[in-house]
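Student: How does the following fold in three dimensions:
(2 chains)
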Amino acid sequence: MAVKINHLKKIYNGKTIFEDVNLEFHDHRIYCLMGTSGSGKTTLLHILLGLVREDGGSVERPAGMRWSAVFQEDRLSEGFSAIENIRMVTGKGMSKSEIEGKLAAILPLESLDKPVKDLSGGMKRRVAICRAMLAKSDVIIMDEPFTGLDMATKQKVVAFILENLKGRLLILSTHHMSEVKLIQGDIVYLK
Amino acid sequence: MEKRWKKLIKRGIVILFWIIVWYIAARIINKKIIFVGPADVARSLASQVFTKTFWITIGYSMSRIGLGFMTAFILGVIIGMLAYRYKIIKDLLEPVIVLMKSIPVASFVILALIWIGSANLAVLVGFSIVFPLIYVNTIAGLDNADRKLLEMAQVFKVGGWRQFKYIYEPALLPFLMSGCKTALGMCWKSGIAAEVIGVPARSIGERLYMAKIYLNTADLFAWTIVIIVLSALTEKLLIYLLSQISIGR
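Tutor: Presented below is the predicted three-dimensional model:
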C-alpha cells in the first residue's frame, strides 16, 4: 500500500468540507476520484500533495515519496517554451531531444519551442500533463486533467499517460464517467 | 518597417515643433544672458564637439556616474535578494533605506564632499540614489512571483537555481527594468548636481559651473543637451541589455 488516509477532516471558513474520509491507494493502480462540485476533491488532492493542512485525521505516506501533479490550473511558466517548462522539473535528467520526442506524441512539433503563453488552452493542458508524467515521481496527482480537451485529444492523452505511467500510482479527479472508462481507473467517491 | 518610419517621422516633427517654439521664445525674450536660441546652442556644441577636452569631460562624468550606478545596481539586486530570503536583513536595512530615500540630495552631497572630496563625489551620490530604488524594486519583483507556480515547484521539488530561472526571474525583470529607467535618470541628475557643487576638474559639472560663472548661457544649454542625450542613450543601452536576459531563454 502506498498512501493511506485515516479519518481525514477539513474545515474551510467554518464549514466542514469533508470528515471521516478513509481511503487507501495502492501502488501500480489508477484511481478516479469522483464527487459532486464542492465535495472537496481538490482540497483532498492538495492535502495529499502537502499544500493544505488537514484539520483532523492523517495521511500515511512512505518517507521520501516523490510527487508530481497536474493542478486545476496549468501552472506553467508562461514566458518559456513547452520543452523548457518540462526541463524545469526534470533538470538534466532528460535531454532536450528526449523531451521533444515525448511531447511530440501529444503536441504539434511546431508548438514545442514557442513560449507557452502563445499556445491554446488545450495545448497548455497537454504540456502540464506531460510535465507531470515526465517528472521523476512515485505518485502522480491529476486534478481534472482533461478539462478543455476534445474526445480525440483525450484518447491520445490517455494513451500517453498509460504508456508513461510505468507502474506508478495515479490519482485523478474527474466529473465524467467517460473519462473513468477511458483510463480504466478504480472509482473512489468522495461524499 | 513602414510603421517604424512613420513613428520616427512623427517624433521628428514633434522635436522640430519644440525647436521652433524654442526659437520663437528666444527671439521674443531677446536676451542671450537669460535665454539663448537653438542656433547659439548649436554653435556652442559645434565649437566643442570636435575638441579632445569635450570627450575627456564626458568620459570623466560618465565613468563616475556609471560606476555609481553599476555598483548600486549590482549590490541592490544582491542585497534585495538576500533581504527577500532572510527577513532579518530586510528589517535591519529598513531604516537605512528610508533614510537614503528621504535625505535631500543637497545635504548628502555636502556631507559626501566632506567625507570623500570632490573627485569621486558623483560615484557616491549616484550610488545613494540608485541603491534604494533597485533594492526596493528587487524585493517587489520577487514578491510578485506567482504563488501557484511556487507551490508547483514545491510539489515537484524544483531546485533553487531552476526556481529562480523559471519563476523568480520572469517576475523580477519587469520591476528591474522600470526601476532602472527611473534610477538611471535620477543618477544622472544627482550626479551632475553633485559635480556642480563639488566642481571636480574635467567634469560636466565643472563645465556647467563655469558657464554659470561666466554667464555663458549657450554653453549651459549645450551641456544640458549633452546630459539629456547621454542619459537617454545609457537608458536605451541598459534596457537593451536587460531585455537580452529574457530573450536569451
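Student: Tell me which stretches of chain A form strands.
Tutor: Secondary structure of chain A (DSSP state E): strands at A:3-12, A:15-25, A:30-34, A:56-60, A:67-70, A:139-143, A:169-173, A:186-189.
Student: Now do the contacts for the residue positioned nearest the centre of chain A.
Tutor: Closest residue to the average C-alpha location of chain A: A:Met142 at 1.9 Å, with C-alpha atoms, centre = their mean. Neighbour list for A:Met142: A:Ala69, A:Val70, A:Ile129, A:Ala132, A:Leu170, A:Ile171, A:Leu172, A:Ser173 [criterion: C-beta atoms under 8 Å, 6 or more residues apart in numbering or on different chains]. Using the backbone N, CA and C atoms, a C-beta is placed for each residue, glycine as well.
Student: Out of those, which are close to chain B?
Tutor: Residues of those in contact with chain B (C-beta under 8 Å from any C-beta of the partner chain): A:Ala69.
Student: now the residue nearest to the centre of chain A, which residues is it bridged with?
Tutor: A:Val70, A:Leu172 (DSSP bridges).
Student: Any figure for the gap between it and chain B?
Tutor: 12 Å (C-beta to the nearest C-beta, to the nearest Å).
Student: hey, where'd the helices end up in the chain?
Tutor: By default, I'm working from chain A. A:41-49, A:82-90, A:96-103, A:121-134, A:151-165, A:177-183 (DSSP state H).
Student: my bad, the chain I had in mind was chain B
Tutor: Under DSSP H, chain B gives helices at B:2-29, B:38-49, B:52-85, B:87-102, B:105-116, B:121-143, B:147-156, B:160-163, B:169-198, B:204-213, B:217-247.
Student: thinking again about what came up before, just send the helices of chain A back as TSV, with mean neighbour count too.
Tutor: Converted to TSV, the helices of chain A look like this (neighbours: other C-beta atoms under 10 Å in any protein chain shown):
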stretch	mean neighbour count
helix A:41-49	22
helix A:82-90	23
helix A:96-103	16
helix A:121-134	22
helix A:151-165	16
helix A:177-183	16
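Student: got those as a markdown table, with mean pLDDT columns?
Tutor: Formatted as a markdown table, the helices of chain A follow (pLDDT from 0 to 100):
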| stretch | mean pLDDT |
| --- | --- |
| helix A:41-49 | 94 |
| helix A:82-90 | 94 |
| helix A:96-103 | 92 |
| helix A:121-134 | 95 |
| helix A:151-165 | 93 |
| helix A:177-183 | 91 |
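Student: Adding distance to B:Tyr240 as columns, could you present those helices in a markdown table?
Tutor: Below are the helices of chain A laid out as a markdown table (distance: least, C-beta to C-beta, whole Å):
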| stretch | distance to B:Tyr240 |
| --- | --- |
| helix A:41-49 | 42 |
| helix A:82-90 | 23 |
| helix A:96-103 | 28 |
| helix A:121-134 | 30 |
| helix A:151-165 | 41 |
| helix A:177-183 | 49 |
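Student: count of residues packed around the closest residue to B:Ile29 other than its chain neighbours?
Tutor: Excluding its sequence neighbours, the residue lying closest to B:Ile29 (C-beta to C-beta, 6 or more residues apart in numbering or on different chains) is B:Phe35, at 4.5 Å. Using other C-beta atoms under 10 Å in any protein chain shown, B:Phe35 has 16 neighbouring residues.
Student: Could you do B:Thr234 as well?
Tutor: 19.
Student: try B:Lys7
Tutor: 10.
Student: And the most centrally placed residue in chain B, how close does it get to chain A?
Tutor: Nearest to the mean C-alpha position of chain B, by C-alpha atoms, centre = their mean, lies B:Leu184 at 1.5 Å. In this view, B:Leu184 and chain A are 24 Å apart by C-beta to the nearest C-beta.
Student: Quick one: residues contacting that residue.
Tutor: Neighbours of B:Leu184 in contact, by C-beta under 8 Å, 6+ apart: B:Phe69, B:Val130, B:Ser231, B:Thr234, B:Glu235, B:Leu238.
Student: dump the residue contacts of the second one.
Tutor: Put plainly, it is B:Val130. Neighbours of B:Val130 in contact, by C-beta under 8 Å, 6+ apart: B:Gly68, B:Phe69, B:Ala72, B:Phe73, B:Gly76, B:Ala183, B:Leu184, B:Met186, B:Cys187.
Student: Make JSON lines from these and add pLDDT to it.
Tutor: Formatted as JSON lines, these follow (pLDDT from 0 to 100):
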{"residue": "B:Gly68", "pLDDT": "95"}
{"residue": "B:Phe69", "pLDDT": "96"}
{"residue": "B:Ala72", "pLDDT": "97"}
{"residue": "B:Phe73", "pLDDT": "96"}
{"residue": "B:Gly76", "pLDDT": "97"}
{"residue": "B:Ala183", "pLDDT": "94"}
{"residue": "B:Leu184", "pLDDT": "93"}
{"residue": "B:Met186", "pLDDT": "93"}
{"residue": "B:Cys187", "pLDDT": "94"}
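Student: Near the closest residue to B:Ser178 other than its chain neighbours, how many other residues are there?
Tutor: Leaving aside its chain neighbours, B:Ser178 sits nearest to B:Asn137 (7.0 Å; criterion: C-beta to C-beta, 6+ apart). B:Asn137 has 23 neighbours, counted by other C-beta under 10 Å.
Student: how's chain B carved up into domains?
Tutor: According to automatic domain parsing, chain B is divided into the following domains: B:1-30, B:36-247.
Student: For the residue lying farthest from the centre of chain B, give its distance to A:Ile140.
Tutor: Largest separation from the mean C-alpha position in chain B: B:Val155, at 41.3 Å (C-alpha atoms, centre = their mean). Distance of B:Val155 to A:Ile140, given as C-beta to C-beta, to the nearest Å: 11 Å.
Student: Need the residues touching each of the two.
Tutor: A:Trp67, A:Ser68, A:Ala69.
Student: what would the residues you listed look like in TSV with pLDDT?
Tutor: Conversion of these to TSV gives the following (pLDDT from 0 to 100):
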residue	pLDDT
A:Trp67	94
A:Ser68	95
A:Ala69	96
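Student: By neighbours, which of those wins?
Tutor: That'd be A:Ala69 among the shared contacts of B:Val155 and A:Ile140, by other C-beta under 10 Å, with 26 neighbours.
Student: doesn't A:Leu51 make contact with that one?
Tutor: No: contact criterion C-beta atoms under 8 Å: A:Ala69 and A:Leu51 do not qualify, at 9.2 Å.
Student: Which positions in chain A make contact with chain B?
Tutor: Residues of chain A lying close to chain B (C-beta under 8 Å from any C-beta) are A:49-51, A:66-69, A:71, A:73, A:75, A:77-81, A:84-85, A:88-89, A:91, A:131, A:135, A:137.
Student: hmm, 6 Å instead?
Tutor: A:Leu49, A:Leu51, A:Trp67, A:Ser68, A:Ala69, A:Arg75, A:Ser77, A:Gly79, A:Phe80, A:Met88, A:Val89, A:Ala135 (C-beta under 6 Å from any C-beta of the partner chain).
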